[in-house]
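# I'll drop the sequence and a predicted model, then ask my questions.
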Amino acid sequence: ERQVHMKIMVVDDEVPIRRYIVQMIEGCGEEYQVVGSVESAKKALEILKHQAVDLIFADITMPKMTGLELLSQVKNRYPDTDVFILTCHDDFEYARTAVKLQADNYILKDEVNPEFLKNLLKSAAGKREKKLRKTLSKFEKGSYFMQMMEDEDTLLFNSCDMEKYRIFLEDKEFFVISVTYSKENLEKLAAFHTPLLENQEIFPYQENNIVMAANLRNTSAARLQEQAGEVCAGLRGQIEGPLGCSGVYHKINMLKKAVLEAIEIYNCFYYGRKDCLSSENGDRQSWKNHRMEFHNLARQARAVIGEKRCQKFFGTLSEMLAFAAEYKIDVYFLKKTLKDILSEYQLKSTVRFDSRVIAESTHMEQIQEYLEKLKVSCGSKGTPYSETVGLAIRYMEEHFDKNVGLTQVAEQVHLNPDYFSRRFKKETGHKFSDYLLKIRMEEAKKLLLAAELSVTEIAGRTGFNNDGYFSTTFKKFYGENPNEFRKNSKIC
């Protein structure tokens, strides 16, 4: 049976040249199969929709769509396909453009002969085979890593298995870094080099993260954690989004624990939390309980979908986000759950959402802001503020006479205090404390005009424990103290 190593397509508007190249390819051996011989880039793209192609020979000066334009589209849509540009012109600008567009080779037509082509194809096939072996090796390595991470009964990596799957961490001091999964972050990690590290291994983890494990080069025990900190500091300026860094471990069979620690700290930074060293680290039962509670909140959100009450639906999502931030729910689980719920909601409403906003978010605030926009688009009209800020203002108006503060109000609307503070200022144009003071002062003015209450009583009814402080604040606000204001108002 014929064994095909490479499937090849020839694209050239000059029929004699195209036939000549096809004939030479077929003469190079049965392992090379021509699956397309066409005169235009448009026809080449049509074939690529239905046929996998390993290598394309493309003429550079075809009408309508040039070989360089074809090259650009192929590399964008089919990055694993090699493209060799053919030309009659020994032109540096053509060659430079071809290289810039990631051409795999640039060949003058008058150089092509059977011997030249045979060596060319042999070299190309060898490179593809080497690339395939490397990809398979990465796949096996990554599969073993994920299998070990997902196995709840396994706590320790086996050093012999690690060697078998070509994970070359040495059995000495190492640590783990976790960042958001993106092409840019992956490239930055792969290109990151420092004399402080050796044996760097990179793994994708749960679609949301990339983890890098590396040994620390020989140094004094006192400087190990300091070195790890220096590495993290160097990466933070390059990486987009949060960066979680584990402590230093001394045995590679502890890789799983180090990864989970780095992920937990990544989650902390994603949620904007400052207490990243959790006392519950490693408490599996607490983790399961929190995840189950989060799952119950998600179920409540799904139940609301059928009711077609968008305000209640998005309110439940806000509760989910607040709970996730409080208990540092795994970011991957949060994003997946939100995408699933919003996909269901989209089917039963006019709201359309972009799942990439959630998938590519590097901080929870980005999701919160996006959900606010979706909520407005689904019908929260007639108010100058979002429902969340509107609810906060209503709560302040109902409780201003008590010792109410930003953290308490943020909890009422299920938002992180820091995020709530920024959101409140952005929508109202006032700091939270200034807005609360405005509510209190307006109420104090009403009471001074409408009731024969003492200044001390009015201070108490507007949330002030000290009538002297109340009088000073009132004067700053209205230009006269409460007694003067009452007296002057009666005169008028």
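Perfect, thanks for sending it.
# quick one, helices of the stretch 1-150 of the chain?
15-26, 41-50, 67-77, 92-100, 114-150 (DSSP state H, counting those that start in this stretch).
# among those helices, which is the most enclosed?
Mean neighbours per residue, mean count of other CB atoms under 10 Å, is largest over these for helix 67-77, with a mean of 19. C-beta: built from backbone N, CA, C; applies to glycine.
# shouldn't residue 338 be in contact with residue 359?
No. Look at residue 338 against residue 359 with CB atoms under 8 Å: they stay out of range, at 9.6 Å.
# those two - which one has more neighbours?
Taking other CB atoms under 10 Å, residue 338 and residue 359 do not tie; residue 338 has more neighbours (24 against 16).
# test my guess that residue 302 contacts residue 344.
Yes. Residue 302 is within contact range of residue 344, at 6.4 Å (criterion: CB under 8 Å).
# now stretch 225-243: average pLDDT?
Within the predicted structure, the mean pLDDT of stretch 225-243 is 86.
# tell me who's in contact with residue 251.
Residue 251 makes contacts with residue 171, as judged by CB atoms under 8 Å, 6 or more residues apart in numbering.
# which pLDDT value goes with it?
86.
# gap between it and residue 174?
In this structure, residue 251 and residue 174 are separated by 9 Å, where distance is defined by CB to CB, to the nearest Å.
# do the same with residue 375
Distance, residue 375 to residue 174, by CB to CB: 45 Å.
# same check on residue 117?
Remark: distance between residue 117 and residue 174 (CB to CB) = 49 Å.
# then residue 205?
Noted for residue 205: a distance of 16 Å to residue 174, by CB to CB.
# neighbour count for the two, which is higher?
When residue 205 is set against residue 174 and neighbours are counted by other CB under 10 Å, the residue ahead is residue 174, at 26 against 19.
# residues contacting the more buried one?
So, once contact is read as CB under 8 Å, 6+ apart, residue 174 ends up touching 199, 213-216, 248-249, 252, 255, 258.
# helices along the stretch 201-350 of the chain, start to end?
With helices called from DSSP H, counting those that start in this stretch, the stretch 201-350 of the chain shows them at 224-236, 255-270, 284-305, 310-327, 331-347.
# deepest-packed of those, please.
A comparison of those by mean neighbour count, using mean count of other CB under 10 Å, puts helix 255-270 on top with a mean of 23.
# and it, how far out from the chain middle?
The gap between the average C-alpha position of helix 255-270 and the chain average comes to 16 Å, counting by CA atoms, centre = their mean, to the nearest Å.
# could you check the angle it makes with helix 284-305?
50 degrees (axes from the mean of the first three to the mean of the last three CA atoms, to 10 degrees).
# skip the chain neighbours and tell me the closest residue to the most centrally placed residue in the chain.
The centre of the chain sits closest to residue 360, judged by CA atoms, centre = their mean, with a distance of 3.2 Å. The shortest distance from residue 360 to any residue that is not its chain neighbour, by CB to CB, 6 or more residues apart in numbering, is 6.9 Å, and that residue is residue 182.
# residue 177 pairs with what?
Listed beta-bridge partners, residue 177: residue 212, residue 245 (assigned using DSSP bridges).
# from residue 233, how far out is it?
In this structure, residue 177 lies at 11 Å from residue 233, with CB to CB as the measure.
# sorry, back to before: so which of the contacts of residue 174 belong to strands?
By the criterion of DSSP state E, membership of those in strands covers 199, 213-216.
# which helix or which strand is home to the closest residue to residue 365 other than its chain neighbours?
Counting by CB to CB, 6+ apart, residue 419 is the residue found nearest to residue 365 once chain neighbours are left out, at 5.2 Å. Following DSSP states H and E, the helix or strand that holds residue 419 is helix 417-428.
# put the alpha carbons of that helix into PDB.
Presented in PDB, the C-alpha positions along helix 417-428 are these (Å, rounded to 0.1, in the frame of the first residue of the first chain):
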ATOM      1  CA  PRO A 417     -15.600  47.000  47.900                       C
ATOM      2  CA  ASP A 418     -12.700  48.300  45.800                       C
ATOM      3  CA  TYR A 419     -14.600  47.600  42.500                       C
ATOM      4  CA  PHE A 420     -17.800  49.000  44.000                       C
ATOM      5  CA  SER A 421     -16.000  52.200  45.000                       C
ATOM      6  CA  ARG A 422     -14.600  52.800  41.500                       C
ATOM      7  CA  ARG A 423     -17.900  51.800  39.900                       C
ATOM      8  CA  PHE A 424     -19.900  54.200  42.100                       C
ATOM      9  CA  LYS A 425     -17.600  57.100  41.400                       C
ATOM     10  CA  LYS A 426     -17.700  56.400  37.600                       C
ATOM     11  CA  GLU A 427     -21.500  56.400  37.500                       C
ATOM     12  CA  THR A 428     -22.400  59.100  40.000                       C
END
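# run the angle between that helix and helix 310-327 for me.
Interaxial angle of helix 417-428 relative to helix 310-327 (the same axes, to 10 degrees): 150 degrees.
# from the chain's centroid, how far away is the helix or strand that comes right after helix 417-428?
From helix 417-428 onward toward the C-terminus, using DSSP H and E, the following helix or strand is helix 432-450. Between the centre of helix 432-450 and the centre of its host chain there is 44 Å, according to CA atoms, centre = their mean.
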